[in-house]
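Peer 1: Turn this into a structure:
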Amino acid sequence: MPRMCTVCGKTYSRTIKRSHSMRPSIVRLLPNLQYTVIGGKRVKACTRCIKTKSKSK
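Peer 2: Predicted structure coming up:
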């Protein structure tokens, strides 16, 4: 199962990390996924989706 939010579909993003000598290396930034209950189902959602779902109630 991919590291993806089931609500919004957010996945990883790539960025370039630079060392002190300015050598580039590619880094994967993963979303903060948590298991939660949305709509009576246990889903893997990012914390932004969890926060907006709790505000809409």
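Peer 1: how far is the helix or strand of the chain with the lowest mean pLDDT from where the chain is centred?
Peer 2: The helix or strand of the chain with the poorest confidence is helix 47-55; it has a mean of 90 (mean pLDDT, DSSP states H and E). Its chain's C-alpha centre and that of helix 47-55 lie 13 Å apart, by CA atoms, centre = their mean, to the nearest Å.
Peer 1: Buried residues of it, list them for me.
Peer 2: Residues of helix 47-55 classed as buried by neighbour count (16 or more other CB atoms under 10 Å): C49, I50. C-betas here are computed from N, CA, C, even on glycine.
Peer 1: Export it to PDB, keeping only CA atoms.
Peer 2: Output of helix 47-55 as PDB, limited to C-alpha atoms (Å, rounded to 0.1, in the frame of the first residue of the first chain):
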ATOM      1  CA  THR A  47      -3.100  15.400   9.500                       C
ATOM      2  CA  ARG A  48      -4.400  18.400   7.400                       C
ATOM      3  CA  CYS A  49      -7.400  16.300   6.300                       C
ATOM      4  CA  ILE A  50      -8.000  15.100   9.900                       C
ATOM      5  CA  LYS A  51      -7.900  18.700  11.100                       C
ATOM      6  CA  THR A  52     -10.300  20.000   8.400                       C
ATOM      7  CA  LYS A  53     -12.700  17.100   8.900                       C
ATOM      8  CA  SER A  54     -12.900  17.800  12.700                       C
ATOM      9  CA  LYS A  55     -13.600  21.500  12.000                       C
END
